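A.B. asks: Sharing a model that was predicted from the sequence below.
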Amino acid sequence: MIKLRHVSKAFHSTSASSVHAVCDVSLTVSAGEIFGIIGRSGAGKSTLVRTINRLSLPDSGEVIVDGRDLLKLDTRELLAARREIGMIFQHFNLMSSRTVFDNIALPLELIGIPRKEINEAVNKLLALVGLIPEAHRYPQQLSGGQKQRVGIARALASKPKVLLCDEATSALDPETTRSILDLLKRINRELGLTIVLITHQMHVVKQICDRVAVMDAGQVVECGSVLSVFRSPQSNVTRSLIGDVISSELPESVLQRVRRRIDGRDGDEHPDHLFRLSFVGNEVDRPLLSEAVKRFGIDFNILHGQIDEVQGQAFASLTLLVNASKESLDGALALFKEHDVTVEELSHVL
Amino acid sequence: MSSELLNLFFTSFLETLVMVGISSGVGALMGIPLGVMLNITDEHGILPHPVFNRVMGLLVNAVRSTPFIILLVAVIPFTRFITGTSIGTGAAVVPLTIAATPFIARLVESALREVDTGLIEAAQAMGATDGQIIRKILLPEAFPGIIAGLTITVVSLVGYSAMAGAIGGGGLGDLGIRYGYQRFLPEVMAAVVLILIAFVQIVQSLGDRLVRHVSHRGRILQVKT
């Protein structure tokens, strides 16, 4: 549905220096998927998403949406193409002088749809986003979540094929965020809408995205299914973003406790090892740890960990302090690997 | 107070109304488009055009910084060209309008600048044309600010119109000077001032009420002159 090829965009400041906001980015978004673009602020994701409807004109590259290269369109064709790409914003961008109803009607008025058809369409959209009682109120009187619902209804009015979400939930509290994401997911399923969502919050990606691209300094450093990115992040940026939802860093207090324990023991015993195990999906259901204990007689202590759900699949990350002989340890590690558990040795942090 | 004097008050008041009414009306007709042009050709506007913007800005500033009493005399040839005379209420309307237009243009420009750029971006994302952005987004969103600006203009023009008496424009200010000052009738002067205070008060509160009625933003609009 959306193909970006070697898209670059630089902003020229007053001095001779220029900032490469987006640098040679290539991405493909399939029809009907929810595609996340995540990055810290200033990573260039806002600029990148704006090239998809040419609110931001790239310096070079190709932007193909639904088979058309947006950069080759003349003004009239561009305006028509933009009607097939809805967009919602962090700060909603609703007209304060229009009621909820009239805000949603705006894109249809711009196309010149007859009033009667507009009324029908708007009423349907109001029902879809659950705002019928609010129809004749002004944005000023609404909560943040309600405003974003108006934004979504307005973006859907011209029956777009693609919905761009620019930090759509960043100004909302966690509960409202969840309900807005649920609404987006529902729209994605019911209308078959392709959604491109940019965010700096990994939990947003975790909750609704199918695939995700991680941006840093204008470039895509990593791209893949959300599950695979969570399971084996390739870059430090990704690891730190995932750390916001599933903490991988051991708290300092835990480390200190472990260090004290190691210092306090004599040399005869087996050395302690610190491991992080990452489980995905079915492995979580298997009693692997107890199997390892029974078969290889290892001794372990769970220091830190989390079990969560990513894309409907269980995802667990556990940090263990293991004490065992070399043979038992090797046996246990082989068992874990055999069952697709990612094992990371962390002993060096001690 | 004699009925002759009462009559004089009445006609003077009407003259003031005519001068202020026509000049603010025509001033708005020219000043609003000018303000829109200033806004959209700004470097952050929807149709940036630095040269046009700079030239227009200079012109507007030039008229605004000319003291009105000088403007009044300086444009006499133009006034004569338009109205056929340089004396009287009709003639006074011309310099008043010339003063009002850039005044309104700047107030409109600043009201338009208050419109959130995110809103314009949203409209562009919807596929709105530049004309649609002006008509459907910028002007409706800035409407309360424009009304507030027009109110300020009317109030200022009441003051300016008093000076128009200098070219025989008539009006309350002229009455105050001629009877109150030159004929030593301080009570006429006081009455003129009282009437003007009441008039300005009424205009301002009507304007404020209208702004409150059309504004759904829930905050007091601040208009910078």
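C.D. replies: Structure's in. What do you need?
A.B. asks: drop to CA atoms for contacts and neighbour counts, all remaining ones
C.D. replies: Will do.
A.B. asks: Now for the residue of the stretch 1-150 of chain A found nearest chain B, how many residues are close by?
C.D. replies: Going by CA to the nearest CA, chain B is nearest to residue A:79 of the stretch 1-150 of chain A, at 4.3 Å. Residue A:79: 19 surrounding residues under other CA atoms under 10 Å in any protein chain shown.
A.B. asks: helix/strand/coil for it?
C.D. replies: Three-state call for residue A:79 (DSSP: H, G, I helix; E, B strand; the rest coil): helix.
A.B. asks: mind listing what it touches?
C.D. replies: Neighbour list for residue A:79: B:126, B:127, B:128, B:129 [criterion: CA atoms under 8 Å, 6 or more residues apart in numbering or on different chains].
A.B. asks: 6 Å instead, please
C.D. replies: residue B:127 (CA atoms under 6 Å, 6 or more residues apart in numbering or on different chains).
A.B. asks: Residue A:88 is in what secondary structure piece?
C.D. replies: strand A:85-89 (DSSP states H and E).
A.B. asks: What of residue A:25?
C.D. replies: Applying DSSP H and E, one finds residue A:25 within strand A:18-29.
A.B. asks: what's that strand packed up against?
C.D. replies: strand A:2-12 (3 or more CA pairs under 6 Å, 6 or more residues apart in numbering or on different chains; DSSP states H and E).
A.B. asks: that older thread, tell me the strands beside the strand holding residue A:25, with direction?
C.D. replies: strand A:2-12 (antiparallel) (DSSP bridges).
A.B. asks: What is the distance between the strand it pairs with and the centre of its chain?
C.D. replies: Offset of strand A:2-12 from its chain centre (CA atoms, centre = their mean, to the nearest Å): 20 Å.
A.B. asks: Which residue ranges of the stretch 101-250 of chain A form helices?
C.D. replies: Remark: helices assigned in the stretch 101-250 of chain A by DSSP state H, counting those that start in this stretch are A:115-129, A:144-156, A:174-191, A:202-208, A:226-231, A:236-245.
A.B. asks: These: which one's closest to residue B:35?
C.D. replies: Residue B:35 sits nearest to helix A:144-156 of all the helices of the stretch 101-250 of chain A, at 29.4 Å, using CA to CA.
A.B. asks: In terms of secondary structure, what does the closest one contact?
C.D. replies: strand A:85-89.
A.B. asks: gap between the strand it packs on and the chain center?
C.D. replies: Here the centre of mass of C-alpha atoms in strand A:85-89, compared against the chain's by CA atoms, centre = their mean, lies 17 Å away.
A.B. asks: just the helices of the stretch 101-250 of chain A: most buried one?
C.D. replies: Comparing the helices of the stretch 101-250 of chain A by mean neighbour count (mean count of other CA atoms under 10 Å in any protein chain shown), helix A:144-156 ranks first with a mean of 25.
A.B. asks: Show me which residues of chain B sit near chain A.
C.D. replies: Residues of chain B lying close to chain A by CA under 6 Å from any CA of the partner chain are B:118, B:119, B:125, B:126, B:127, B:141, B:216, B:217.
A.B. asks: that older thread, can you lay out the helices of the stretch 101-250 of chain A as TSV showing mean pLDDT and distance to residue A:22?
C.D. replies: Shown next, in TSV, are the helices of the stretch 101-250 of chain A (pLDDT from 0 to 100; distance: least, CA to CA, whole Å):
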stretch	mean pLDDT	distance to residue A:22
helix A:115-129	95	34
helix A:144-156	96	25
helix A:174-191	94	27
helix A:202-208	90	21
helix A:226-231	84	22
helix A:236-245	83	17
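A.B. asks: So which of those helices is nearest residue B:26?
C.D. replies: Between residue B:26 and the helices of the stretch 101-250 of chain A, the shortest gap by CA to CA is with helix A:115-129, which sits at 33.6 Å.
A.B. asks: List the contacts of that closest one.
C.D. replies: So helix A:115-129 is in contact with A:132, A:149, A:153, going by CA under 6 Å, 6+ apart.
A.B. asks: same deal with stretch A:279-299?
C.D. replies: A:313, A:314, A:315, A:316, A:322, A:323, A:324, A:328, A:332, A:341.
A.B. asks: element containing the second one?
C.D. replies: Assigning secondary structure by DSSP H and E places residue A:314 in strand A:313-323.
A.B. asks: give me the low-pLDDT residue ranges for chain B?
C.D. replies: Low-confidence segments of chain B (pLDDT under 70): B:1, B:166, B:218-225.
A.B. asks: Now do the SS call for whichever residue of it sits closest to chain A.
C.D. replies: Nearest to chain A in chain B, going by CA to the nearest CA, is residue B:127, at a distance of 4.3 Å. Here residue B:127 is coil, with the state taken from three-state DSSP.
A.B. asks: domain assignment for chain A?
C.D. replies: Domains of chain A are assigned by automatic domain parsing as A:2-243, A:252-349.
A.B. asks: Centre of the chain to the shortest one, how far?
C.D. replies: Counting by CA atoms, centre = their mean, domain A:252-349 is centred 28 Å from the centre of its parent chain.
A.B. asks: With stretch B:44-63 instead?
C.D. replies: That offset, for stretch B:44-63, works out to 20 Å (CA atoms, centre = their mean).
A.B. asks: List the contacts of it.
C.D. replies: For stretch B:44-63, contacts defined as CA under 6 Å, 6+ apart pick out B:38, B:40, B:41, B:42, B:102.
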